[in-house]
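Enquirer: Sequence and predicted structure below; questions after.
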Protein chains: 2
Amino acid sequence: MNMQRILYGVVGVLTGLLVSIVFFADFNQANAGDAAANKSKAEKVYVPYGEQDEYYMFASGGHSGQLFVYGVPSMRKIRTVPVFTPDPATGYGFDDKTKEMLGGYSWGDFHHPAVSETGGDYDGEFLFANDVGNNRVAAVDLSTFHTSDIMSLPNMGGPHAGVFVTENTEYIAMPTRFARPLAGEYAELDKYEEDYKGVVSMTTFDRKSKKFDLAYQIVLPPWSYDLSDAGKKMSKDWIVMTTYNTEFATTNLEINASQNDRDYIVMINWKRLEDEVANGNYNDVNGAKMIDPRDVPGAIFAIPVAKSPHGVDVTPDGERFIASGKLAPLMTVFSFEKAFEAIKSKDFKGEEFDIPVLPYEKVVEREVDPEGALGPLHTQFDDKGHAYNTMFISSEIVKWKVDSGEVIDRKPTYYSPGHASAAEGDTIEPDGKYIVALNKIAKDNFLSVGPSHPESMDLFDISGDKMEHLITAPTDPEPHYAQIVHRDKIKPKKIYDKDESRENSVWSQDDARIERKGDEVHVYGIAMRSKFVFDAKAERPDAVTVKQGDTVYFHMTNIDLDQDITHGFGINDYDLNFEIQPGQTNTLTFKADKAGTFPIYCTNFCSALHQEMSGYLLVEPK
Amino acid sequence: MNMQRILYGVVGVLTGLLVSIVFFADFNQANAGDAAANKSKAEKVYVPYGEQDEYYMFASGGHSGQLFVYGVPSMRKIRTVPVFTPDPATGYGFDDKTKEMLGGYSWGDFHHPAVSETGGDYDGEFLFANDVGNNRVAAVDLSTFHTSDIMSLPNMGGPHAGVFVTENTEYIAMPTRFARPLAGEYAELDKYEEDYKGVVSMTTFDRKSKKFDLAYQIVLPPWSYDLSDAGKKMSKDWIVMTTYNTEFATTNLEINASQNDRDYIVMINWKRLEDEVANGNYNDVNGAKMIDPRDVPGAIFAIPVAKSPHGVDVTPDGERFIASGKLAPLMTVFSFEKAFEAIKSKDFKGEEFDIPVLPYEKVVEREVDPEGALGPLHTQFDDKGHAYNTMFISSEIVKWKVDSGEVIDRKPTYYSPGHASAAEGDTIEPDGKYIVALNKIAKDNFLSVGPSHPESMDLFDISGDKMEHLITAPTDPEPHYAQIVHRDKIKPKKIYDKDESRENSVWSQDDARIERKGDEVHVYGIAMRSKFVFDAKAERPDAVTVKQGDTVYFHMTNIDLDQDITHGFGINDYDLNFEIQPGQTNTLTFKADKAGTFPIYCTNFCSALHQEMSGYLLVEPK
């Protein structure tokens, strides 16, 4: 074979390779439509066995009253944490401690979760929640994922516009949505402007005792306070709140509260009020230290804002706040610096209900109006100076530059997003990796489950220049807001400490005992794989005999100090069930008012002999 | 260029193509480790926007009391359907109808769902559920995904071993787990063998009225009935049940109920008993027609089975039943035909508690013992003659041939599976596409949520010769069993019919009215985007004024006949919330015992002006 032939051969081989490369490239391109895009999306949300999601998403459960915990990017729901509503799956509201904490309430309306912050960053220790339904605030301990405290707030009427926390969790703030006479007293609607009030509750939280305290309340005009945020860095002493119904409408708000061309953003200096309260300048109103900021110079201002605004969000650098008018297709960027200047120079445009009004044009930085984008509700942020706005009516997310107002990208959501939540989005340092739209309408996204549909959530990758929609996931009703926290910040316990000094705890089978005190029967028992021991010395250690009418206390300790070995404790026919997690002691108290024979059994599958983990409660007839 | 050169060139091109093909093949193979496998798995479970899952998975929610609806293969939870426990997210247990249905109970322990069957196939109309905690049976209407009836069952002690339905849903059967004196009366444990009973409830369900009836109950020895199944085709008149505690142990069952080398499968001919009951051969026991099958020749038999069995499952052809002994590493295949022959020839090996015992060796077809596979619990089936067994202790699924016992494949689960559910797995024609293992232990599969972990579920593709594990998904506690039904079989309504003759319904704003009858106030109102109208003629149509102590009835109709437009109805500070789905009428009744001013608001985000959808309840002080 001469050189020429070899050359032709080599050229041929190269040509063949080229052809084949072109062919394969074409082949890939031919598939590069939806199918290839879906493959790529599928991979981005798939978390294989042995790996974990990168982020926790803590989403409100709306009128379920509970906290929903998801993994991001898989969008898998990992846990329902009961907060405002009893939950037999975890015994919440059944054992004495959680029953007392719920105080007889059967539901809550959990809207806006807020993770505790240190220096403007999520510290991952606690999560706070508001109850719009029954005027409460709750704390979830993120070391155990248990609710540690619930406090009822006086003088409130549906604290929708919270919770949000100040930069170092000095306060957990909750403004009212519905104006209401103080203490909820009766007053005719004709006396709305005189007798009805808006109120902001400023609560503190002690991380050691894990309990709330109501520091003070702020009394305001009877506007509806819709959403709010705390300042950061240069604006850290301030809170901002949107209002609607500055018309003082008392009926048919759909029409009557949408009359004014502008409503207000209310700016309050909580630091000023804190000082005043410390100086005793407050009134005691139904147990709350009530302060009227209009009596405190420099404490409160109003800024006109586009009609019927919904969200207001402070930028990560704390320099601006962005409000969206749900009836005006506008995001408005306001400058704290400009506001401070206007305040300093007393550049007011009159007063509204005794609140100095800052001139709109003196505080506004710009209006952003993406063509055709309707119903802007909420703003989130990334690490590159972009804002992301949900558009309820036009069902999309709009990405734009905070500095210039330039619109960078728009992507559809499925459908009608309320809030969105960006990774670390409420901190001074958002991650810029993901955003999740929390949609109110699902239409036919998922298999039909009858006339009441699930809600839906859209996950977007926002790490690139353009947003990439990755997946639409269903959810039970109804996540209003969520915070997405990096997994490194959450440090949960896996087992409760073996604390032998703990009240009512028993750590050895031999110590299990039953003590009668009059008509009270106290069972100090243990749960372990695969039995209950109530009385070590009895012929049948797993049977308890009481008299009809006795009050029975089951103090149970789970002595299986192994991860994931939770025992349940159900009493058949007695409508009772609670749970004891590894190393935990819990008490169930009830009156044995029904005579008979009642099987007791472990309700949480714990071992191969879980079915055998049972006993009897015998109630002798009177 | 001469022919030779062309030839060399062509050979070269072909060589190049070959090289390139080999190269690309190598390239693919180089990536063919976990990463490529995960890509493929990711694609198999990813359901892009615009598409829907192929199957519904209806999973029990365990001691949550609820039904969980998932999509398969995405494993996304689409809906929690409340069954035994109140649920403010959907107003379940708050409106009059569902509150009455729950009868004051605060939880249930939902173990085994069963979809209604026609001809041994899921017909997709209803789903039935048992409550182990409070001895109830429930039906979910799969046209609305609402619970349509709950019936309390007398004489039961934790009906664990159900529900299962006969071939044409003639009966929904539930055997007791805990022996208990009839009517739950008091009886000392020393009198266990005399006074404690096992009972099977045989209920019927009327598809038109959507209500249960208790047809009859079967009284049995005080063994624990663990799981059960109905025959199919040639065995359709029979039910089979596993037992444990044939030792009659009354304490420490972990040890004492695990003494006998063999427990029993109980075979009952429900058709024989049905005839006897029709002939009046029963006793009335606390309102139930109680029949003792031992008094009816040919109605009941016992078959020895490997120690402490758990599951028993009838093969799709109805010819065999397979029982698994959780303390013996065996699956045992029994033949109905052999059993029938033994019965016919009266080939008994004595009696146990007056039940004729069929000799094990006369009924058994084979024992299957996969080496090292421990803790077999339950069996599912495909369309190719294979059985799939969950192994709780060795955490795996074993695939084997029913005909030969040959083990085909074994795959790990993460971890400790209880039941598994195969697509259409309980029918006469399983699909053979997917199986889901319902695991009891999750360990570190997911982001930690504290000492109480989620449960986990493993989805496998079983369409090939070997099972392929696709994804591990978290779930709230605690799915015990599930049925996977093809989406074509479920036909939900999307909107309630506009039925103008419906009691208390109002279909026009103008007809909204308030009627007082003594101290009862009846509000006949409407909910629509974005307002409530209670009294069309009032100055404030969305306000209701009553007197302290009045009983208030809110009869509300949602006149938004649009898909996915559900309205909520919460009363602030009154611990009340219910829901009205599109076209639905619901009533909320309560005593206005607290005077004051209480905002009313829509709790289910419905429109851009959802926040404005509110009103007031004014309760005048006495």
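Expert: Cool, got the structure. Numbers count the residues shown, from 1 in each chain, chains lettered A, B, ... in the order given.
Enquirer: check contacts around the residue sitting nearest the centre point of chain A.
Expert: The C-alpha lying nearest the average C-alpha coordinate of chain A belongs to A:P113 (C-alpha atoms, centre = their mean; 2.5 Å). Residues near A:P113 by C-beta atoms under 8 Å, 6 or more residues apart in numbering or on different chains: A:58-60, A:67, A:127-129, A:163, A:481-483. The C-beta positions use only the backbone N, C-alpha and C, and glycine is treated the same way.
Enquirer: Model confidence at the residue nearest to A:E478 when sequence neighbours are not counted, what's the number?
Expert: Leaving aside its sequence neighbours, A:E478 sits nearest to A:G62 (C-beta to C-beta, 6 or more residues apart in numbering or on different chains; 3.2 Å). Listed pLDDT for A:G62 reads 96.
Enquirer: Number of residues surrounding A:G62?
Expert: Under the neighbour criterion other C-beta atoms under 10 Å in any protein chain shown, A:G62 is assigned a count of 29.
Enquirer: go on, A:A592?
Expert: If you count neighbours by other C-beta under 10 Å, A:A592 ends up with 23.
Enquirer: Just say helix, strand or coil for the residue nearest to A:S228 when sequence neighbours are not counted.
Expert: Leaving aside its chain neighbours, A:S228 sits nearest to A:M241 (4.0 Å; criterion: C-beta to C-beta, 6+ apart). Using DSSP: H, G, I helix; E, B strand; the rest coil, the structure places A:M241 in strand.
Enquirer: The residue nearest to the centre of chain A and A:S143, how far apart?
Expert: Computed as C-beta to C-beta, to the nearest Å, the A:P113 to A:S143 distance reads 17 Å.
Enquirer: in a helix, that's where A:E276 is, yeah?
Expert: Yes: with three-state DSSP as the criterion, A:E276 is part of a helix.
Enquirer: State the pLDDT value of the closest residue to it other than its chain neighbours.
Expert: In space, and not counting its chain neighbours, A:E276 is closest to A:V296: 5.3 Å by C-beta to C-beta, 6+ apart. Predicted confidence (pLDDT) for A:V296: 97.
Enquirer: Test my guess that A:V296 contacts A:N279.
Expert: No: in this structure, A:V296 is not within contact of A:N279 by C-beta atoms under 8 Å, at 10.3 Å.
Enquirer: Specify which residue of the two has the higher count of neighbours.
Expert: Neighbour count, other C-beta under 10 Å: between A:V296 and A:N279, A:V296 has more, with 18 against 8.
Enquirer: Contact partners for that one?
Expert: Applying C-beta under 8 Å, 6+ apart, the residues near A:V296 are A:272-273, A:276, A:281.
Enquirer: ranges for the helices of the stretch 501-622 of chain A?
Expert: Counting by DSSP state H, counting those that start in this stretch, the stretch 501-622 of chain A forms no helices at all.
Enquirer: Sorry, wrong one. I was asking about the stretch 351-500 of chain A.
Expert: Under DSSP H, counting those that start in this stretch, the stretch 351-500 of chain A gives helices at A:360-363.
Enquirer: on that earlier part again, can you tell me how far the residue nearest to A:E478 is from A:H480?
Expert: Counting by C-beta to C-beta, the gap from A:G62 to A:H480 is 6 Å.
Enquirer: which neighbours do those two share?
Expert: With C-beta under 8 Å, 6+ apart as the test, A:G62 and A:H480 both reach A:110-111, B:605.
Enquirer: Dump these to TSV, plus distance to B:R207.
Expert: Listed next are the shared contacts of A:G62 and A:H480 as TSV, based on distance: C-beta to C-beta, whole Å:
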residue	distance to B:R207
A:F110	38
A:H111	41
B:F605	35
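Enquirer: Give me the subset of these lying in strands.
Expert: Taking DSSP state E, every one of the shared contacts of A:G62 and A:H480 sits outside strands.
Enquirer: Ranking by neighbours, what's the top pick from those residues?
Expert: Neighbour counts for those (other C-beta under 10 Å) peak at A:F110, which has 31 neighbours.
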